[in-house]
Structure formats: C-alpha cells, structure tokens
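S.K.: this is a predicted model, with the sequence first.
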2 protein chains.
Amino acid sequence: MEPSPKPRLRATSYDVARLAGVSQSAVSRCFKPGASVSEKMRDKVMRAAKELHYQPNAIARGLITRRSNLVAVLVSSQMNFYYPEVLFQITDRFSKRGFRVLLFTINEEADVEDCLNQVWQYQADGVISASYLTIEQHKILEDRNIPVVMFNRYFDDYDTNSIWCDSVAATDVMIKHLTDFGHTQFGLLQGPEHSMVSAQRMKLVRHAIENHGGRIVAQARGTYRYESAAGATQSLMTNAAQPTAIIAANDMMAMGALDELRNVMGCSVPGDVSVVGYDGIGAARFASYELTTIRQPIGRMADAAVSMLVDRVEKPDLSHERRVLIGSFIQGTSTGPTPIQT
Amino acid sequence: MEPSPKPRLRATSYDVARLAGVSQSAVSRCFKPGASVSEKMRDKVMRAAKELHYQPNAIARGLITRRSNLVAVLVSSQMNFYYPEVLFQITDRFSKRGFRVLLFTINEEADVEDCLNQVWQYQADGVISASYLTIEQHKILEDRNIPVVMFNRYFDDYDTNSIWCDSVAATDVMIKHLTDFGHTQFGLLQGPEHSMVSAQRMKLVRHAIENHGGRIVAQARGTYRYESAAGATQSLMTNAAQPTAIIAANDMMAMGALDELRNVMGCSVPGDVSVVGYDGIGAARFASYELTTIRQPIGRMADAAVSMLVDRVEKPDLSHERRVLIGSFIQGTSTGPTPIQT
DNA sequence: ATTCTCTTTGCATTCGAAGTCATTGCGGAC
DNA sequence: GTCCGCAATGACTTCGAATGCAAAGAGAAT
C-alpha cells in the first residue's frame, strides 16, 4: 500500500513546475520581474501557481541571493511619542519599496549588543537607527558591510550616513519670538546628559539667547519623557531667579512642563511663563497644549532615510552622506508676553 | 597565478569547522542548545567562532528547520496612541522569547491582502493582529497553518485565538459613577461603523445607561483619532437635548472631545459636561486631561498574546482559545457633578 | 584483553529558489 | 534549403545550517 501522500503544507516551485509541466527554473523565472519568459509559459505557470496558492519562499530566496529584503529599525522604547511617529512613517515607506521591517525596541543600552547580533543573524540588508548607538557599535555594522543610516543623530568625529534636522535658523526665530515678547530670563529643560540631540539643541538655544540679549537663569534635566518634566520644572521655578520662559529639549517634556505649571503650580501659560519644545509631534498640536515648537519634517526625513538606506543596499560602495533637512518654527499658544514685573 | 581569495564577507559554519579542525555538523551542534557535544569540542568551536565573528545564519537555519522565528505584528497606522503602546510591549516580549518581529502597518483595508502575502512569503511562524481583519483573511492564514492571535478583537460567529478585555463591570461602575453625579443625558461618541470594539463598548454603555436610569440623547461617530472628535462633539452638543456626559469609544477621541469643549466651545469639563473614554493610554493621564476611563491592562494583554502565540507555534494542534482580562475603572478629573439645570 | 554500552563525531542529504550554462526552437536572411 | 542570431527553456549546482544515520571513541564490566 502506498503511504498516503503527506499533505504538503506549502507548495514549492517544484510542485508548480510539475503541475504546469515545466522546469523549476521556469517557475523561478516567472516570478522574477524582467526575466526572459514567453507569454505562454508565464500563463501556464501563473495558473498553476494560483491553483496551488504558491508564493515564492522569501527565506530560500534570501539564502541564494544574499538579499533578505529585511531592514532592521532600531527605536527606543521609552514612551516618547516621537518614536512611534517616525517608526510608522519609515515602515510605510519601506513597505512601498519592497522591504520588510524587523523591529527592535531598545530599553536600555545593554539591549543594543543583542540586537546587533540579531541583525547579523537575520542577514538584514540594512539598519536604520533612531536609537542610541556608540561609535563602536556602528563600526561593528560597517565591518559587516551592513549599511546604517542614523536617524536624527550623528557622530561629531566619525563619518556616517545620517539624516539630521537643522534647527539653527528656527531656533533663532524662536528665541527672537520670545525676546520680542520681552522675555530675558530663560530656563532650560534639557534631555539626558549623554543625548547629542539635547546637547545640540541646547547649544543653539544658548547661542540664540546670547544673541538676543537674554540670560539663562536656571537649568534642569529630564529623560525626554513626560513624567520627567514635573520635577525638573519645579526645580527651574524654585530657582532664586525665576525664568519667564522655559525651553524644553523636546515636546514631551514641554508638555509635561506646561501641565506642571498650569495644573500643579497654578501658573498661567503663557500668562506667567512661556513654554516651548522641539520636534513638532502630533500631540503638540492638541488644543490643550498648542505648543510653540520647532517642527521636524518627519515625513520628509523618513523619505530621506529610507531612500538613503535603499541606495546603499543596492550600491554598497556609495560613500557616506549626511542629509540635512530644515526644521521650522511653529507658533502655538504656549508663548506670550512677559508678565509685567512687580 | 591564483586568483586572490575573495575576502569572504561572512564566516560560515564551514569556515569555523575548518579553523577548529572539526566537521560542519559539529559546529552546528555547538550552537544548538541541548545537543550532545563534549566540553573540548564546544571550547574549540566557540573559540574559532569568536575569532571569525561567526553567528549562525538565521535564514539558512529557517530554511531547513521550517521555523523562521519571525512573527508578524499587524497594527493600524492611524495616529492613535493605543497602537504604539501595544506594539512596543508585544515586541519587547517576543524579543525575550527569542522571536523577531516583522512589523506591518496597515493604512487602509486594501493593505491587508498584501501584508498577508508577505507574511506567507517570509514564513512567519505566527501573526498577532491588532488591526482589522476579515474572517476570510483570517481563514487564509489558518489554511496556511499560520497561528493567529487577535489582539483586542474577535469574531462573533467564528472561532479564533484572541485576547480580549472585558469591560462589562467597569462600564457599569463608570456609568453609575456618572449617574451618581446626577447625569441622565448621555451623548455617545462612537468609533467607525465597522469597528467591533466600538460596537461592543457602546453596547455595554447603552445597557448600563438603561440600568441606571439614564437616557441617550445624542450620538455621533468619529474615526478613533483625536481630530475626528471635534466635529462629532459639535454635533453632540448642538443637539436639541444637550448631553451632560459624553462617552467616547476610546481615549483619543475623549481627549479630542475634551479639548473641543474646553478650548473651542468654552465649556467647563467637568463643570458643564463630563467626558469619559476607553483604553487607559498613557496620554490619558496627562495632567491636562486626567481622563476618567476604563483601563485595559495592556502589559498583561501583551503577555497573554505573546504566550498564546508562542504556544501555538510550538504546538500547532492546540485548539483555539480566548483569554479575557478585566478592564478597570479609573476615576480621573474629567467627570463631576451635573450642572444645576436652569 | 574482550565485550558491551553510551556518548561523541562525521558523512551525506535536505530545505526551496536562483542563476549558470548548455541546448532547443524559431524567425529571418541568404 | 542552409545558416545565423536571439529568445526561451531545462539540467544542474549553489547558498548555509540542521539532522538521520553510521562509525568511532570512551569507559565500564567481565
């Protein structure tokens, strides 16, 4: 007695070939755009493929072509609404370009090592990092010939592919907007110590404040998260010289500061204190906040990042590039005239 | 003349075997936990592997073992803060279980078809769907023997694996909380027409309102997004009989409604109108909102979803299961006593 | 020393598609 | 009718790791 044919779960190219009465190579070619196949052949094969619900096995294909069409996206998992926006935009665009996204969320720095190993094991064709990465870790990837694009970060002393948002002019406009309102006493609500984004932004802010004759009277640090702003704001406001305007390193903290001021400390914003942020995330436009902020063109940054990565996957020898988009000043209602000094 | 040896980009198990002076099988076994390998062998191999920076090729492994260790996660890309929270939690947990996440964002229903094909091509071991899926689409996956877990949704008339949050009791408490405050005129801010989550929630709400002697005086629909609440709220409030409490199908819309009421229509919340939502997302706790809502235990739901999927990947014959966690009523400051009727 | 276990190791094959190369077929030019 | 060029097709090999099976080795018991 014949053993009952094990119910093949998945049709392979051989099954399709058998059914269509052609060779496996022919089937393969029919699924490769631009291959040399006659109309008749393509028809036969496609009909058979449809009948068997055949779809090429991307894993097997990846093995032989050495192209997985997988890209790894690294994002920090901290609850900061900036990352989901970026992630979704990037994923969307990769999808349209025929790449799949392997998502890695980074909780703590220690996760990165693991994550890079996985990237390597899964033969990801490239990496977009919107998370903290050391130069050493970056080098590991480059040594392995995996192109990397850094999203909204770069290294000062080391060449990389990166997408950056330049806020020099916008920052100047923002500070001028505040000094025009009569503000001279500024409080800085910075991000974490090691964060280059925060450092960069605060550098611009300091410079612009100096330029427009303001003075930094207080500084505090947060973690970029909403919750971290409460304590930092308290510390800023209980300073000997009270700031009349608070510049936060991102919108999340600006929102936290605004809430702390309005809802806990009983201040009016912008009546007593003005608050500004950075990023231009969706939530910053909510009517309860309407933050004055500097908006990153996230959509165009995602476009640029995806293009840049896809280009390097296709032509590995392309040299490093840094693409800089320009952030724009967005006036909200979280800023206004200085209160008259008593 | 010998052709210069092309610099092997990637060390394979053969390279490691050669360097260690053992067979390829031995190398493979050294990387398989629980395989029968002597101390000496493991040492030799691991040393060689380290020297060559060898890491097993997950693609090749997947081809032969028929296990990709990839899971697909489908989420809607609409800007609703609920999805990122769920996504990050789920990803985190899969990571710890040795699975990688293939992310698929769904913009419109038409994307699903494509996405399912990709899931099939990439041999995903399983799928978690936090996005809209028809029964037919679900069947496709099951026919292909790909286990699916539906996150926060299920089918009424079709068996599936699902994680669900039961809000029956909490809804009753919430409505009682409102009627105790004197509210009798309710306005419903529903989700999209085809959304089963909205339908379910609103069913509970209707029932509870009836139970506690309230009356639904107005209804409107939104898209679950913040922006969609503005118009819907206007429509609710310009109704002949004005509601004194608005029940939104999710927190995002509740936040939108609250902002529209406070910042556009000049109402006091909860002075003039009370507002409640559903989900218990992080942003609902922001001091500007402090929504009264029904919180889903997202962390435990993610745990359950991941466990359920991993179980079915490992034992494909496990029957369907529906795990139901209980939502809890969270009292915020968006609800209060009815205004005295004039 | 011999035999018998039980563990460790290597050989050979396998997974599924892609691509190389050789062959076939077809049309047109002579 | 013969020859040439080009398109279409198939046989065979390849990618890298896992595994069934057979063989070799290590002890233990006699």
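M.R.: Received it, and whenever you're ready, just let me know what you need.

S.K.: from the rest of the structure, what touches the helix or strand of chain A with the lowest mean pLDDT?
M.R.: Within chain A, no helix or strand scores below helix A:39-52, which has a mean of 89 by mean pLDDT, DSSP states H and E. By CB atoms under 8 Å, 6 or more residues apart in numbering or on different chains, the surrounding residues in contact with helix A:39-52 are A:11, A:15-17, A:19-22, A:26-27, A:30, A:37, A:54-55. For glycine as for every other residue, the C-beta is placed from the backbone atoms N, C-alpha and C.

S.K.: and stretch A:302-317, by the same measure?
M.R.: A:67, A:71, A:86, A:89-90, A:92-94, A:97, A:99, A:125-128, A:145, A:147, A:149, A:151, A:161, A:163, A:318, A:321, A:323, A:325.

S.K.: out of those, which sit inside strands?
M.R.: A:71, A:126-128, A:149, A:151, A:161, A:163, A:323, A:325 (DSSP state E).

S.K.: can you redo those residues as TSV with pLDDT, distance to DNA strand C and neighbour count?
M.R.: Shown next, in TSV, are the ones in strands among the contacts of stretch A:302-317 (pLDDT from 0 to 100; distance: CB to the nearest atom of the strand, whole Å; neighbours: other CB atoms under 10 Å in any protein chain shown):
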residue	pLDDT	distance to DNA strand C	neighbour count
A:71	98	18	26
A:126	97	18	27
A:127	98	23	24
A:128	98	25	28
A:149	98	25	27
A:151	97	30	28
A:161	97	26	25
A:163	97	30	28
A:323	97	30	17
A:325	98	35	17
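
S.K.: picking that back up, which of the contacts of helix A:39-52 scores worst on pLDDT?
M.R.: Least confident by pLDDT among these: that is residue A:37, with 81.

S.K.: my guess is that one contacts residue A:25. True?
M.R.: No - taking CB atoms under 8 Å as the definition, residue A:37 is not a contact partner of residue A:25, at 10.3 Å.

S.K.: still on that earlier bit, just checking the least confident helix or strand of chain A against DNA strand C, any contact.
M.R.: No - using CB under 7 Å from any atom of the strand, helix A:39-52 stays clear of DNA strand C, coming no nearer than 9.6 Å.

S.K.: so which bits of that helix are buried?
M.R.: Residues of helix A:39-52 classed as buried by neighbour count (16 or more other CB atoms under 10 Å in any protein chain shown): A:41, A:44-46, A:48-49, A:52.

S.K.: pull the most distant pair out of the residues you listed.
M.R.: Farthest-apart pair in the buried residues of helix A:39-52 is A:41 and A:52; separation 16.6 Å (CB to CB).

S.K.: just the helices in the stretch 101-250 of chain A please.
M.R.: Assigned by DSSP state H, counting those that start in this stretch, the stretch 101-250 of chain A shows helices spanning A:110-121, A:135-143, A:168-180, A:196-211, A:228-237.

S.K.: what is the burial count for the residue nearest to residue A:296 when sequence neighbours are not counted?
M.R.: Among residues not flanking residue A:296 along the chain, residue A:165 sits closest, at 4.5 Å (CB to CB, 6 or more residues apart in numbering or on different chains). Residue A:165 is flanked by 26 other residues according to other CB atoms under 10 Å in any protein chain shown.

S.K.: with residue A:235 instead?
M.R.: 15.

S.K.: I'd say it and residue A:220 touch.
M.R.: Yes - Residue A:235 lies in contact with residue A:220 (CB under 8 Å); the separation is 4.6 Å.

S.K.: quick revisit: does the residue nearest to residue A:296 touch residue A:324 like I think?
M.R.: Yes - using CB under 8 Å, residue A:165 makes contact with residue A:324 at a distance of 7.3 Å.

S.K.: so which residue of the stretch 51-200 of chain A comes closest to DNA strand D?
M.R.: Nearest residue of the stretch 51-200 of chain A to DNA strand D, counting by CB to the nearest atom of the strand: residue A:64, 3.5 Å away.

S.K.: name the element that residue belongs to?
M.R.: Element membership of residue A:64 [criterion: DSSP states H and E] is helix A:58-65.
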